[in-house]
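Participant: Can you look at this prediction? I've put the sequence above it.
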Amino acid sequence: MSLKAKAAIAQGNGNFIIDTIELGNPQSDEIVVRVKAAGLCHTDHDSLSWGKSIVLGHEGAGIVEKVGDAVTNFKPGDRVILNWATPCMKCFQCQEGNQHICENNSPVTAGANGYTPGHAHLEGTKWNRNPIERSFNIGTISEYTLVKESACVKLESDMPMPSASIISCGVMTGYGSVVNSAQLSTGSSAVVLGTGGVGLNVIQGARISGASKIIAIDINSKRLEMAKQFGATHTILADKNDNGLMQAADQVKNLTDGRGADYAFECTAVPALGAAPLAMIRNAGTAVQVSGIEQEITIDMNSFEWDKIYINTLYGKSRPQIDFPKLVSLYDKGDLLLDEMITRTYPLHNLQQAFDDMLAGKNAKGVIVFD
């Protein structure tokens, strides 16, 4: 028996509509999830202009509604976090421990010629009687979604669903970039460029890892105040006209004995700042490009002198079944702040307002909630 749901559907031309989709019964390895909350980020806004119709949303949490006959780890009523980078556990990258760049299932990296974001494996979701793709194979801005079992991680916690929903991209990306990708050392110094949702979670990752100095840089003074709440020990209010943030880099050096920081994390998604973290770190330091810049940029190789490392990481090297429970445990202990990160929640019919607030920089994190 099919199931109908209200969902946000991108039109491919920069616009979206709220309309009804139809979900079929789950196949053997599939699960129908009743979505309770869906985090919102800039990628969701970008997906409005991908040139095709898709069900929006790639962060979310909810309750299992139905399971396929081969699903053994989940049952109706289970609370779950939805994960967009679903591993197959069989390909070369999964066997290497790189589940986030699975060669078979990743909506970002799979396939010899790359994978169009939002490409769907499933035919079980329809709009106007035609199959419709779901953003990053999960499409969370919908009352219900049909996903592979591997897209679900059991939530063994009483945390609020809005807080759980943001784990599956922004929190994992920020925290994982520090802990999994950079492997930040206790007692080291870190610089965070950009203090939006991802940047705040980089700050949290650095704090939890024991960084002795965490320097937050932003052009928004209100965001810098919030950065302090999440663990920043120092803040630098950047000038919009500071080309490449070179003046800010001088301030960083003044705060780090003239050498530069041990680590620097770019979280702005501004292509012109792609090389900026290299100016913030000491010789043999590590720069991490967190925000997913894909545009062509020019880098002066002098910026790499000497022995500097530049990492272009994806999704904090997430291993969902391992990392998500760790994040939940840190939340339950009070070490990882998630409730405090959610500036505002919105019903589905106020999605446009949620996008507007996000683009205006009003929210650390906005979340769509479903009754």
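Facilitator: Yep, that arrived. Since the structure is predicted, the reported quantities are computational estimates derived from the model, not experimental observations. Numbering: from 1, shown residues only.
Participant: hey, let's count contacts and neighbours off CA atoms from now on
Facilitator: Will do.
Participant: After the longest strand anywhere in the chain, which helix or strand is next? Please name it.
Facilitator: Looking across the chain with DSSP state E, the single longest strand is strand 30-40. Along the chain past strand 30-40, the next helix or strand (assigned with DSSP states H and E) turns out to be helix 42-46.
Participant: Name the residues of that following helix that come out as buried.
Facilitator: Burial within helix 42-46, assessed by neighbour count using 16 or more other Cα atoms under 10 Å, is assigned to 44-45.
Participant: what is the rounded mean pLDDT of the helix or strand just after it?
Facilitator: Following helix 42-46 in sequence order, the next helix or strand is strand 54-55 (DSSP H and E). Summarised as a single mean, pLDDT over strand 54-55 is 96.
Participant: Outside of the longest strand of the chain itself, list whatever touches it.
Facilitator: Under the criterion Cα atoms under 8 Å, 6 or more residues apart in numbering, residues 25-26, 57-68, 71, 140-149, 161-162, 165-166, 354-355, 365-371 lie in contact with strand 30-40.
Participant: just checking, which of those belong to helices?
Facilitator: Assignment to helices by DSSP state H places the following of these there: 161-162, 165, 354-355.
Participant: if we take those residues, which one ends up nearest to residue 207?
Facilitator: The closest of those to residue 207 turns out to be residue 165 (Cα to Cα; 22.0 Å).
Participant: Give me the local confidence score for the nearest residue to residue 355 once chain neighbours are set aside.
Facilitator: If the residues on either side of it in the chain are set aside, residue 355 comes closest to residue 45, at 7.0 Å by Cα to Cα, 6 or more residues apart in numbering. We note a pLDDT of 94 for residue 45 in this prediction.
Participant: Distance of residue 45 relative to residue 342?
Facilitator: 18 Å (Cα to Cα, to the nearest Å).
Participant: Buried ones among the contacts of strand 30-40?
Facilitator: Restricting the contacts of strand 30-40 to buried positions leaves 25-26, 57-68, 71, 140-149, 161-162, 165-166, 354-355, 365-370, with burial counted as 16+ other Cα under 10 Å.
Participant: and stretch 186-193, which residues are buried?
Facilitator: Under the neighbour-count criterion of 16+ other Cα under 10 Å, stretch 186-193 has 188-193 buried.
Participant: Check the residues you listed against residue 11 and report the nearest one.
Facilitator: Lowest distance from residue 11 to these (Cα to Cα) belongs to residue 193, with 32.7 Å.
Participant: so what strands line up beside the strand or helix carrying residue 126?
Facilitator: Using DSSP H and E, residue 126 sits in strand 125-127. Sheet pairing of strand 125-127 (DSSP bridges) gives strand 16-23 (antiparallel), strand 130-131 (antiparallel).
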